[in-house]
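curious how this folds, go ahead:
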Amino acid sequence: MESRESGKYRYYIQEPEIGISREKIVIIYHGWGGSAKGYSDLAQLIVNEGYTVIVPGIIYHDTREPFVHYFEKQVSQEYFWQTIMITVDEFHDFLNVLPIKLEDTIVIGSSMGGLIATSIFAKEPLIKGLVNVNGSGSFVVTEEIYRLRDKREKLPLMEEERLRNYDPKENHINKNPILLLHGENDTFMPIEGQIDYYNYLIETEKRTNIEFRIFENVNHRFTEEMIIAMVIWLNSNCL
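Below you'll find the predicted structure:
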């Protein structure tokens, strides 16, 4: 992948060879404590299918005020949701830097990146598709589970209202196809948030273009089987 920089944004881009391009752009968001450059192999697989791939640098990661210890409770509890919200808020500004059109765009996210991609997708009706891997589309539900696990106080009303401003369930206007992939035994990102989001889409929105696959005996990993399922879905739903 080629590294590029414009203002505060650094991102990686990889483009297909002339003659095989589908003229669609896949934006991939990485997980908490991850790295944009770490997605080079996945980017190459998607590029081989004819898509241009862009992997943005995310605030508090890589060159943008990174932390040393991401998984210290104080750090993750204070900055996890803040990172998601800032990245969602930056989306239009980042697109203007590239520049690319919403209607040519597909968003993919893994773990925290899945939450970012889903929040962006829900609010943007022109984005062609979403792949959420080991993430969640139900922010309030997910935070409530985290607090229960950590034996913290219940979610304060003010924080809940702020979270709902980004929660895909509260802001869903995009009707395009969605693929949800999740490891059955995920101990980092509770699968209950993904299940709740899927049920909302199927039962409340009555959507028929949603696919949800649960991978048995898989923890918080982006497996080869998931990648194959994602590529097949992209080629079937996002042309």
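
and the longest helix along the chain, what's buried?
If you go by DSSP state H, the chain has its longest helix at helix 73-89. For helix 73-89, a neighbour-count test (16 or more other Cβ atoms under 10 Å) marks Val75, Ser76, Tyr79, Phe80, Trp81, Thr83, Ile84, Met85, Thr87, Val88 as buried. Yep, even glycine has a C-beta here, placed from its N, CA and C like the rest.

which elements pack onto that helix?
Applying 3 or more Cβ pairs under 8 Å, 6 or more residues apart in numbering; DSSP states H and E, we find helix 73-89 packed against helix 112-123, helix 139-150.

who touches the first one?
This means helix 112-123. With Cβ atoms under 8 Å, 6 or more residues apart in numbering as the test, helix 112-123 has contacts from 27-32, 34, 58, 80, 83-84, 87-88, 91, 107-109, 127, 129-137, 139, 142, 166-168, 171-174, 176, 178, 189, 197.

quick one: average pLDDT of stretch 118-132?
When the per-residue pLDDT values of stretch 118-132 are averaged, the result is 97.

and the contacts of stretch 178-190?
Judged by Cβ under 8 Å, 6+ apart, the contacts made with stretch 178-190 from elsewhere in the structure are 111, 114, 121, 129-137, 142, 145-146, 191, 194, 197-198, 201, 207, 209-221, 223, 226, 229-230, 233, 237.

doesn't Tyr51 make contact with Gln14?
No: checked against Cβ atoms under 8 Å, the pair Gln14 and Tyr51 is beyond contact range at 9.3 Å.

where do the strands of this protein begin and end?
According to DSSP state E, the chain carries its strands in the segments 2-6, 9-14, 25-29, 52-56, 105-110, 129-133, 178-183, 210-215.

same question for stretch 116-129: list its buried residues.
For stretch 116-129, the buried set under the neighbour-count rule, 16+ other Cβ under 10 Å, comprises Ile116, Ala117, Thr118, Ser119, Ile120, Phe121, Ala122, Lys123, Glu124, Ile127, Lys128, Gly129.
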